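> Kindly generate the corresponding structure for this input.
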Amino acid sequence: MREGPPATAVRRAKSASEVARSGRRRGAAGGGPLLSAARSDTLIDVAEESCAAFLTKVDHQVERVEHLLSLVPAGRLDWTPPIPRAFTVSGLLGHVLDCLAGFCAVLYAANPARLARLLDLRKLPANTALDPAAALRHLGAYRDGIHEGFALLGDDDLHRKVPTVFVPEGEALLSLLLINYEHLASHKYQLFLYLRMMGVDVGSRDLYRFSGGASPRASAPGTSGGP
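Below you'll find the predicted structure:
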């Protein structure tokens, strides 16, 4: 299990145009992928600004999910809020991983020939009851898969249509990524609400990664306030 927030740093090598040009030259010469895949604890080059910005925001969501998972009280995995058909805590943890699996499925569909390894992630448990330790362990594998997928994307790819089960003629890759981002953000907030309803002292700094270099540290006790 990873300790603390991921040490991911996203940067652009040279300028976007220089990276894209050099990548196209390598690809045309059969010299390998546009950008090398990277694990979440290494630097990763992303070809263009929109892809880099999107990956950064996904990383922020995942890091906050990781933080919230670490706050789940022991012995409360079977707790449910007083609403019909609600997830148990353990069921919600498994569904959060399913949100990450959705990203990997979209990225695989965008580059199936070069991302065959992502198919191995289907072996991991998702959308099933999990304890926090297992959820945190598997979260890292999905995060690495997301980084591998984004390492192969440029901004032009975001407009490319990718066939789906629901829309066989294809939807724009950006639309599919946004759908999965919304899904992840919604269930991150659900986990935050579960923690508050169970009496855990959480607040805005537990939920959000603030812009401008502000620390994402948890709120001080007694200062949780509203989200």
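
> how about the longest helix along the chain: buried residues?
Using DSSP state H, we find that the single longest helix of the chain is helix 173-197. Applying a neighbour-count criterion of 16 or more other Cβ atoms under 10 Å, one finds 173-177, 180-181, 183-185, 187-188, 190-192, 194-196 buried in helix 173-197. In this view, the C-beta of every residue, glycine as well, is placed from N, C-alpha and C.

> Give me the contacts around that helix.
Residues from elsewhere that reach helix 173-197, judged by Cβ atoms under 8 Å, 6 or more residues apart in numbering: 54, 57-58, 61-62, 64-65, 68-69, 71-72, 79, 81, 87, 89, 92-93, 95-96, 99-100, 102-103, 106, 110, 153, 157-162, 164, 202, 206-207, 224, 227.

> Any stretches of this protein with poor pLDDT?
1-47, 212-227 (pLDDT under 70).

> Show me where it has its strands.
Listed in chain order, the strands of the chain (DSSP state E) span 9-11, 43-45, 161-162, 171-172.

> which other helices and strands contact the third one?
Okay, so that is strand 161-162. helix 89-110, strand 171-172, helix 173-197 (3 or more Cβ pairs under 8 Å, 6 or more residues apart in numbering; DSSP states H and E).

> which neighbours does the shortest one have in its sheet, and in what orientation?
Paired with strand 171-172 in the same sheet, following DSSP bridges, are strand 161-162 (antiparallel).

> tell me how far the partner strand is from the chain's mean position?
20 Å (Cα atoms, centre = their mean, to the nearest Å).

> how far does the longest helix of the chain sit from the chain's center?
Remark: helix 173-197 is offset 10 Å from the chain centroid, using Cα atoms, centre = their mean.

> Now do the same contact list for Leu93.
Applying Cβ under 8 Å, 6+ apart to Leu93 gives the contacts 69, 72, 129-132, 135, 191.

> What about those residues, which are in helices?
69, 132, 135, 191.

> mind checking how far the last one is from Ala74?
Separation of Leu191 from Ala74 (Cβ to Cβ, to the nearest Å) stands at 16 Å.

> Please apply the same query to the third one.
Using Cβ to Cβ, one gets 14 Å for the distance from Ala135 to Ala74.

> what do you get for the second one?
Between Pro132 and Ala74 the computed distance is 9 Å (Cβ to Cβ).

> who has more neighbours, these two?
Each of Pro132 and Ala74 has its neighbours counted (other Cβ atoms under 10 Å); Pro132 has more, 20 against 7.

> Was I right to think the more buried one contacts Arg76?
No. Between Pro132 and Arg76 there is no contact under Cβ atoms under 8 Å: 10.2 Å.

> residues in contact with the spatially closest residue to Lys161 that is not a sequence neighbour?
Distances taken as Cβ to Cβ, 6 or more residues apart in numbering put Gly170 closest to Lys161, at 3.2 Å, once the chain neighbours are dropped. Gly170 makes contact with 161-164, according to Cβ under 8 Å, 6+ apart.

> let's see 7 Å
161-163 (Cβ atoms under 7 Å, 6 or more residues apart in numbering).

> cool, and Leu107?
115, 118, 146, 149.

> Go through the residues you listed and say which is closest to Ser211.
Ile146 (20.9 Å; Cβ to Cβ).

> what about that closest one, distance to Asp131?
Using Cβ to Cβ, we find Ile146 at a distance of 23 Å from Asp131.

> higher neighbour count, those two?
Neighbours per residue (other Cβ under 10 Å) separate Ile146 from Asp131, with Ile146 holding more: 22 against 16.
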